[in-house]
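Novice: Give me a 3D structure for the following:
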Amino acid sequence: MDELMKALQAKVAEAAQSAAALDAEDRRDDANLEKIRGNVYGIFVSVLQAAAKQSSDEATQRSFFEGNLERIPSGWRIARAKAEERGDTVRLMQENVKLAAIDEIWQLFRELWG
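Specialist: Residues are numbered from 1 along each chain as shown. Take a look at the predicted model:
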């Protein structure tokens, strides 16, 4: 769990640093997408903290985290489908960034806690 926490926190910091660099280059749209990516990682830092507070049992913590990793992005998948239907390319890009971050979190989860 500690390794996963460190990896997620590093991803939050990486996204913030990237967003700041993009902002400095007046690439606001790209910076906003990086901020969104960082927010997704931040959500799962909070979920992992909540799992630790909920129980000291690692199996329970893992189950809690994994359940949220499945549940939280379900709304984003729906939002992506609606954006596709409406031809809302900005929203589509935002939802795709969120879901790509989820894929990365799943990979980290499997590597570090799987």
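Novice: From the chain's centroid, how far away is the longest helix anywhere in the chain?
Specialist: As assigned by DSSP state H, the longest helix anywhere in the chain is helix 28-54. Counting by Cα atoms, centre = their mean, to the nearest Å, helix 28-54 is centred 5 Å from the centre of its parent chain.
Novice: what does the next helix or strand after it rub up against?
Specialist: Scanning forward in sequence from helix 28-54 by DSSP states H and E, the next helix or strand is helix 58-71. Contact with helix 58-71 is made by 1, 44, 47-48, 50-52, 54-55, 102, 105-106, 109, 113, as judged by Cβ atoms under 8 Å, 6 or more residues apart in numbering. Quick note: C-beta positions are derived from backbone N, CA and C, even for glycine.
Novice: Contact partners for Trp76?
Specialist: Trp76 makes contacts with Glu95, Lys98, Leu99, Ile102, as judged by Cβ under 8 Å, 6+ apart.
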